[in-house]
Structure formats: C-alpha cells, structure tokens
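Engineer: here is a sequence together with a model predicted from it:
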Amino acid sequence: MTREALAARWGAAPALVSVKAAQSASRRRALALKRALDLALVIPAGILALPFILLAAVAILLASPGPVFYAQSRRGLDGVAFRMWKLRTMRPDADAVLARLLRAQPALVAEWEGSSKLRHDPRIIPVVGHFLRRYSIDELPQLLNVLRGDMSMVGPRPLPDYHLARLRPGAVRRRCRMRPGITGQWQVSGRSTTDDATLERADALYVRHWSLGLDILILLRTIPVVLRGTGAW
C-alpha cells in the first residue's frame, strides 16, 4: 500500500505517514540488534550460571519446604504477559504473610506502597533467601526467559501488575516499548534503595537513549553492583 493510500485510509498527511513508517522500521531494526546481542550472550551466561543455580536449589530445599523455582506473570514487549522465572527466596505462604503483616502493622503500609518492598521482610527465607537476593542469584533463571525472547539481558525492570498500577500511565507505555531486562538502568542506579519516581526516570532515560553501547555499559556496570550486593535487600 502506498503512502498516499495509507494517508487516505488513516486521515494523515503523506509526510506524517512516511515519518511514522521510518520510525517503525527504525524500532524494528533496533529490537533486532538487541535480540542478536541477547542471543550472543545468553548461552555462555547460562553455562556459567548453571552451577550457581544448582547450588542455590540445594540450599533452598534444605532451608524451606516447597518448590525451588517461582514464576510470576509480568508484562513484556508491547505489554504482552509472560511468566518470569526466579529461584524462590520467600516462604510458600508469602502472600498471606504480607497481608497479615500489613493489617497488624499499618505503619508498614507506606513503606510497601512506596517501593513494593519491606526492608525487614519476614517472608524471606532466613539466611538463604537474603543471600540469593543480595547477590541477585535468584534472578539467574531469567536467562531462560531471555532465550525464549520474553526478556532481554538489559531493559526496564520487569514489574508485577500491582506495582505497574502505581506508575504513571505514560511511564508504563514507555517501558513496554522494550523487552524487560535481567539488569538495567534502575539496577545500576540504586535498586531497592530508590522510589518509584527514580524507577520511572531510569526507565525513561534508558528507552530514550538506548543503544548497543549503552547495553554493554550497563552490563559492565552490573558486575561490581552484583558482587558488592549494592542496593539489594
């Protein structure tokens, strides 16, 4: 279909249709390049991660009854839902524990609503859960999500729906333009020590200025952040 036909169909000027088509083609090329980087990295990363995942699985089995892995629905590219995998770091009845805690201690409601996290969270498996979360070992199964194409090595943080509901609509739309990442601008900018406003700014900065060079820079910055356990609870 010609630009003139598209313009007639959608009631837009041919020049505007041309600009939108160019933007769409540019986005497709960028996503294809990003996917190529993911595929180049995910298999060697998975081989390196496998021993850590196995050791963590044994530790979880010894520390807490229940499944080793945990999956939760998240929103990915263009808002499409997918199941994101993690090593389980919380008690199997974590949702019920949270509900009871917030009812019993209303002072914690503001902390939860500000970041969807609690600094002293009784749901986390003692010792093991804290260790896995501090050094982001619980995130390693998401390499499977990257291989499947649900996620990217680098991108906006994949948030549960209850957290997305607290963000501004424009921020949610913006972050859905990219696949969510195992790491990203937010993870190297403070992680759990920041609030939703900082998260939105980090997402906006990343989506607006994305490049392969930026992805590589964030991956390199992630290494010392993970090794130090910076910003993780």
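Structural biologist: Thanks, I have the structure now.
Engineer: the longest helix belonging to the chain - contacts with which helices or strands?
Structural biologist: Longest among the helix segments of the chain by residue count, using DSSP state H, is helix 14-63. The helices and strands touching helix 14-63, judged by 3 or more CB pairs under 8 Å, 6 or more residues apart in numbering; DSSP states H and E, are helix 3-10, strand 81-87, helix 128-134, helix 142-148, strand 152-154, helix 212-228. Every C-beta, even on glycine, is put in place using the N, C-alpha and C of the backbone.
Engineer: quick one: mean pLDDT over that helix.
Structural biologist: Here helix 14-63 scores 85 as its mean pLDDT.
Engineer: now it against strand 81-87, angle please.
Structural biologist: Orientation note: helix 14-63 sits at an angle of 30 degrees relative to strand 81-87 (axes from the mean of the first three to the mean of the last three CA atoms, to 10 degrees).
Engineer: distance to Ala57 added to the helices and strands packed on helix 14-63, as CSV?
Structural biologist: Output for the helices and strands packed on helix 14-63, formatted as CSV (distance: least, CB to CB, whole Å):
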stretch, distance to Ala57
helix 3-10, 52
strand 81-87, 7
helix 128-134, 10
helix 142-148, 14
strand 152-154, 22
helix 212-228, 19
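Engineer: buried deepest among those, which one?
Structural biologist: Ranked by mean neighbour count under mean count of other CB atoms under 10 Å, these are led by strand 152-154, which reaches a mean of 27.
Engineer: sheet partners, orientation included, of it?
Structural biologist: Taking DSSP bridges as the criterion, strand 152-154 forms sheet pairs with strand 181-183 (parallel).
Engineer: what residues does the partner strand touch?
Structural biologist: Contacts of strand 181-183 from elsewhere in the structure, counted by CB atoms under 8 Å, 6 or more residues apart in numbering, are 139, 142-143, 146, 151-158, 218-219, 222.
Engineer: re earlier: could you tell me the least trusted of the helices and strands packed on helix 14-63?
Structural biologist: Lowest mean pLDDT of these: helix 3-10, a mean of 53.
Engineer: before we move on, back to that, ok, the contacts of strand 181-183 vs Phe69, which is closest?
Structural biologist: Distance ranking of the contacts of strand 181-183 against Phe69, using CB to CB, places Gln142 first at 11.0 Å.
Engineer: wait, what's in contact with that closest one?
Structural biologist: When the contact criterion is CB under 8 Å, 6+ apart, the partners of Gln142 are 84-86, 151, 182.
Engineer: helix, strand, or coil at Arg157?
Structural biologist: For Arg157, the reduced secondary structure class is coil; criterion used: DSSP: H, G, I helix; E, B strand; the rest coil.
Engineer: the nearest residue in space to it that is not next to it in sequence: which element?
Structural biologist: Across the structure, with CB to CB, 6 or more residues apart in numbering as the measure, the residue nearest Arg157 apart from its sequence neighbours is Trp186 (5.0 Å). Under the assignment given by DSSP states H and E, Trp186 is not contained in any helix or strand.
Engineer: separation between Ile182 and Leu108?
Structural biologist: With distances defined as CB to CB, to the nearest Å, the gap from Ile182 to Leu108 amounts to 29 Å.
Engineer: got it, and Thr198?
Structural biologist: 21 Å.
Engineer: what's the local residue count around Gly190?
Structural biologist: Using other CB atoms under 10 Å, Gly190 has 15 neighbouring residues.
Engineer: now the phi/psi pair for it, please.
Structural biologist: Here the main-chain torsion angles of Gly190 (degrees, to the nearest 10) amount to phi 130, psi -20.
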